[in-house]
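Visitor: have a look; sequence and predicted model below, questions after that.
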Number of protein chains: 2
Amino acid sequence: MSKIYNLAQIKGILNSLQPIQEIEKGFMAYSAGKAVIPPVGEMLFEDPPGDIHIKYGYLVDDDYYVIKIASGFFESPATSRYTSDGLILLFKKGTGELVCALLDECHLTNVRTAAAGAVSAKYLAPKNIGCIGVLGAGTQGRMQVEYLAPVIDCKEVMVWGMNQNELDDYKKDMEPLGYRIQTTLNTEDITDRCNLIVTATPSKSPLLSADQIRKGTHITAMGSDTPEKNELDPRILQKADIVVADSISQCLSRGEIHQALRVGLLEKERIVELGNVIARPELRRISEEQITIADLTGVAVQDIQIAKAVFHALKLKEV
Amino acid sequence: MSKIYNLAQIKGILNSLQPIQEIEKGFMAYSAGKAVIPPVGEMLFEDPPGDIHIKYGYLVDDDYYVIKIASGFFESPATSRYTSDGLILLFKKGTGELVCALLDECHLTNVRTAAAGAVSAKYLAPKNIGCIGVLGAGTQGRMQVEYLAPVIDCKEVMVWGMNQNELDDYKKDMEPLGYRIQTTLNTEDITDRCNLIVTATPSKSPLLSADQIRKGTHITAMGSDTPEKNELDPRILQKADIVVADSISQCLSRGEIHQALRVGLLEKERIVELGNVIARPELRRISEEQITIADLTGVAVQDIQIAKAVFHALKLKEV
């Protein structure tokens, strides 16, 4: 009989995991060609507007395959109130038996996404980070910062948002966790003061321009995961010394890299894949002056890794 | 909290449903453009060999969307022992909330597939059926016959299989249900004696040739649902008076129609969609002499319809 776990049970074991390490292993297997990841399944809704994504696949050497379903709906065409939800299913290879259903309500997607941000910063950011800059005061704007803790020694955060209310909420939530939070409504404050920047918005037009970006900056662009979303002026990718994709094949049609390719400001040959950056030090930053960009669109191999880790931890707890 | 139902619970309410009517409504909505059905998601495995399919979609006027996962694995590359499994998830539009998970272990796929066979026969078969012919003595070979009962008044069945053992088992299972079963190892016995033929095998090469097919025969070809599988000589489709697809877009790349198109023996313009055959009597058989073919590859709209019906019946039982 397959096991069904709810969000409370999943949250109960998350502290016992090492998500950054799991996600690293996943990206390495993916870039080494040891993962089978079909194209993302997608379905759109008009009324109320929304979309679902189905991400699925398996590692060649593994006993399981994983299917993740994630949804996002706006309350109505008029409002911007957004609900995300989702679950992950783990199946046994060779029989198709459902091993477990993780009814995580999208939380594990948030975890694996934040962990990928930490992996990007670990291998690409400059050595000394004075201030972490965050665009977007939502869930990922918070979790990206929290998940940086094991890899980036910096408690100074500057956050940009669309209004002071959401920024005040962000400050209220994050300061008790030990961060010193400055807020701004001007993105230039972010690019002036921060050399590690995370963009975590659903924007469909660039929030940062190329002339804003100082030497020695690393940007993790994780907000854009569809063909339409776009947080960075494509000239930033043209200007960057290193452009990294979580998945080159996915980034050809989604995210910032897709946007820059589309307008001819980036050559496909310049794109490096994150799993290769982890495996091969020579692909990383070679000076503190370089500009590096990691474009994260979210790859099923992250869902596979986090689902397996959560399942094993839950099983261990039951023994 | 979402509801999880197991196979026993699902089987417990199946008798209260009218699957043929539900599937008819689904095909009509589909052919009328009132269903959103993305391309089938597919993932292949090499060791052990197998595949999974993800079929999903929604009706425009409905409150739910549905995702169905079905798997099939061979025990090993050497043996032909096959295991199928699967489940169906029902979600609420507008929030993405999981409404229920039907852990049906593929049974509802069998039900909706058999119901589609009945729909095809209801609208396409000749008036008087002397003997129902079945190719394939597996689960669908049985269920297709059982689901014909409400629409075809005939208890004579002739079944063809690869060996006498499986045919004897078939006879043993089906006779207690009130059928008179003849068995054969020669497909010509089927085409000589039966004017309603159901092909329900996983064959990758034709089992019936065009000169075998007599006037006034209807064939429901439901075994072939991938680009490779093939039960009918493409010349049968060339010879047929009416060629019906459950989904024209799916049949362009899967099933018998795909095979006939590929070798240039069928013109796309000749294909009629099942939902239109149900809605428009003028698209059906106009004489008892015509040869008609229904090519069923399995459409997500069937999964949507059966999942909703099962969920509503289960909910009703709880009240």
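Guide: Received it, and whenever you're ready, just let me know what you need. Numbering: from 1, shown residues only, chains lettered A, B, ... in the order given.

Visitor: show me the shaky parts of chain A.
Guide: Scanning chain A for pLDDT under 70 picks out the ranges A:1-2, A:76-80.

Visitor: let's see 90
Guide: Applying pLDDT under 90 to chain A flags residues A:1-2, A:47-48, A:74-83, A:202, A:224-228, A:316-319.

Visitor: so the most centrally placed residue in it: helix, strand or coil?
Guide: The centre of chain A sits closest to A:Thr113, judged by CA atoms, centre = their mean, with a distance of 3.3 Å. Following DSSP: H, G, I helix; E, B strand; the rest coil, A:Thr113 is assigned to helix.

Visitor: which residues touch it?
Guide: Residues counted as contacts of A:Thr113 (CB atoms under 8 Å, 6 or more residues apart in numbering or on different chains) are A:140, A:143-144, A:222, A:296, A:298, A:302. Heads up, the C-betas are built off the backbone N, CA and C, glycines and all.

Visitor: same check on A:His53?
Guide: Residues in contact with A:His53 (CB under 8 Å, 6+ apart) are A:40-42, A:69-71.

Visitor: which of the contacts of A:Thr113 tops the neighbour count?
Guide: A:Leu296 (30 neighbours; other CB atoms under 10 Å in any protein chain shown).

Visitor: phi first, then psi, for it.
Guide: phi -110, psi 120 (degrees, to the nearest 10).

Visitor: which non-adjacent residue is nearest it?
Guide: Nearest non-adjacent residue to A:Leu296, counting by CB to CB, 6 or more residues apart in numbering or on different chains: A:Met222, 4.2 Å away.

Visitor: any idea how far that neighbour lies from A:Tyr56?
Guide: Noted for A:Met222: a distance of 21 Å to A:Tyr56, by CB to CB, to the nearest Å.

Visitor: equivalent analysis for A:Val145, please.
Guide: For A:Val145, the distance to A:Tyr56 (CB to CB) stands at 29 Å.

Visitor: kindly report the same for A:Arg235.
Guide: A:Arg235 is 35 Å from A:Tyr56, by CB to CB.

Visitor: higher neighbour count, these two?
Guide: The neighbour comparison of A:Arg235 against A:Tyr56 (other CB under 10 Å) goes to A:Tyr56, with 27 against 17.

Visitor: contacts only, for A:Arg112.
Guide: A:Arg112 neighbours (CB under 8 Å, 6+ apart): A:19, A:23, A:298, A:302-303, A:305-306.

Visitor: what about 7 Å?
Guide: A:19, A:23, A:302-303, A:306 (CB atoms under 7 Å, 6 or more residues apart in numbering or on different chains).

Visitor: ok, the residues you listed vs A:Leu265, which is closest?
Guide: Nearest to A:Leu265, judged by CB to CB, of the contacts of A:Arg112 is A:Gln302 at 27.5 Å.

Visitor: residue contacts, the closest one?
Guide: So A:Gln302 contacts A:23, A:26, A:112, A:116 (CB under 7 Å, 6+ apart).

Visitor: buried residues in whichever strand or helix holds the second one?
Guide: What it means is A:Gly26. Here A:Gly26 sits within helix A:19-31, counting by DSSP states H and E. When neighbours are counted by 16 or more other CB atoms under 10 Å in any protein chain shown, the buried residues of helix A:19-31 are found to be A:19-20, A:22-31.

Visitor: looking at the contacts of A:Gln302, which is nearest A:Leu274?
Guide: Nearest member of these to A:Leu274, counting by CB to CB, is A:Ala116, at 7.7 Å.

Visitor: part of a helix, is that closest one?
Guide: Yes: under three-state DSSP, A:Ala116 falls within a helix.

Visitor: hmm, A:Asp295 and it touching each other?
Guide: No: using CB atoms under 7 Å, A:Ala116 is not in contact with A:Asp295; the gap is 10.8 Å.

Visitor: who's more crowded, the two?
Guide: Per other CB under 10 Å, whichever of A:Ala116 and A:Asp295 has more neighbours is A:Asp295, with 32 against 29.

Visitor: against A:Leu135, how distant is that one?
Guide: A:Asp295 sits 14 Å away from A:Leu135, taking CB to CB as the criterion.

Visitor: likewise for A:Lys229?
Guide: Shown here: A:Lys229 relative to A:Leu135, a distance of 13 Å by CB to CB.

Visitor: where does the stretch 201-319 of chain A come near chain B, residue by residue?
Guide: Proximity of the stretch 201-319 of chain A to chain B, by CB under 7 Å from any CB of the partner chain, involves no residues.

Visitor: check the stretch 201-319 of chain A for the residue nearest chain B and tell me.
Guide: Among all residues of the stretch 201-319 of chain A, A:Ala300 sits closest to chain B, at 10.1 Å; criterion: CB to the nearest CB.

Visitor: contacting residues around that residue?
Guide: Per CB under 7 Å, 6+ apart, neighbours of A:Ala300: A:37, A:55-57, A:68.

Visitor: out of the residues you listed, who's near chain B?
Guide: A:56-57.

Visitor: in a strand, that's where A:Gln305 is, yeah?
Guide: No: A:Gln305 is assigned helix when assessed by three-state DSSP, not a strand.

Visitor: which helices and strands does the host helix or strand of A:Asp189 pack with?
Guide: Assigned by DSSP H and E, A:Asp189 falls within helix A:187-193. Judged by 3 or more CB pairs under 7 Å, 6 or more residues apart in numbering or on different chains; DSSP states H and E, helix A:187-193 is in contact with strand A:132-135, strand A:156-160.

Visitor: output the contacting helices and strands for the last one.
Guide: For strand A:156-160, the packing partners by 3+ CB pairs under 7 Å, 6+ apart come out as strand A:132-135, helix A:164-174, strand A:180-184, helix A:187-193.
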